[in-house]
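Asker: Pasting the sequence and the predicted model now:
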Amino acid sequence: QVQLVESGGGLVQPGGSLRVSCAFSGLDDYAIAWFRQAPGAERKYVSCISGKDGSTYEGDSAKGRFTISKDSEKNTVLLQMASLKPEDTAIYFCAAGPFCKYSRQSYDYWGQGTQVTVSS
């Protein structure tokens, strides 16, 4: 059964760090990506890790601050976020597709999302 379940969201102060997790099943060799959606905005690409060779592809919002990684034994993809800003506030979704692509239409499966709020 295909499943993606996000966890780890919460409230963090500006400049702080947070790690969100995506537990997946039934998705061997799929690429796993993170997207985020702020209130009233479109869902945007954050980062992706290839299911075939572990290559990572960061979007502009992630460069220098966010790190994506995969624990294959636990079937979990992690997004470690640092130096968080209020504009990082969004619902963070993980998604699975054949390849890492920037377009959300390229992903076949989605989780329900986890809320990340950056505020003092």
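Answerer: All right, it came through fine.

Asker: Only C-alpha atoms from now on, for both contacts and neighbour counts.
Answerer: Fine.

Asker: Enumerate the positions of stretch 52-72 that are buried.
Answerer: By neighbour count on 16 or more other Cα atoms under 10 Å, the buried set for stretch 52-72 is 56-59, 62, 66-70.

Asker: Minimum pLDDT in these, which residue is that?
Answerer: Lowest pLDDT among the buried residues of stretch 52-72: residue 62, with 90.

Asker: and that residue, what does it touch?
Answerer: Residue 62 makes contacts with 46-47, as judged by Cα atoms under 8 Å, 6 or more residues apart in numbering.

Asker: redo that, cut-off 6 Å
Answerer: By Cα atoms under 6 Å, 6 or more residues apart in numbering, the contact list for residue 62 reads residue 46.

Asker: Secondary structure element holding it?
Answerer: Using DSSP states H and E, residue 62 sits within no helix or strand.

Asker: Tell me which two in the buried residues of stretch 52-72 are the farthest apart.
Answerer: 59 and 70 (17.2 Å; Cα to Cα).

Asker: any chance you could map the strands in this structure?
Answerer: Along the chain, counting by DSSP state E, strands occupy 3-7, 10-12, 18-25, 31-37, 44-49, 56-58, 66-71, 76-81, 90-97, 109-110, 114-118.

Asker: nearest spatial neighbour of residue 10, skipping sequence neighbours?
Answerer: Residue nearest to residue 10 in three dimensions, not counting chain neighbours: residue 116, with 5.0 Å by Cα to Cα, 6 or more residues apart in numbering.

Asker: what pairs with the one you found across the strands?
Answerer: Judged by DSSP bridges, the bridge partners of residue 116 are residue 10, residue 90.

Asker: Relative to residue 88, how far out is it?
Answerer: To residue 88, residue 116 is 8 Å away according to Cα to Cα, to the nearest Å.

Asker: go on, residue 13?
Answerer: 11 Å.

Asker: Show me which of these two is the more surrounded one.
Answerer: Higher neighbour count among residue 13 and residue 88: residue 88, with 20 against 15, using other Cα atoms under 10 Å.

Asker: ok, now which ones touch residue 79?
Answerer: Listed by Cα under 6 Å, 6+ apart, the contact set of residue 79 reads 19-20, 67-68.
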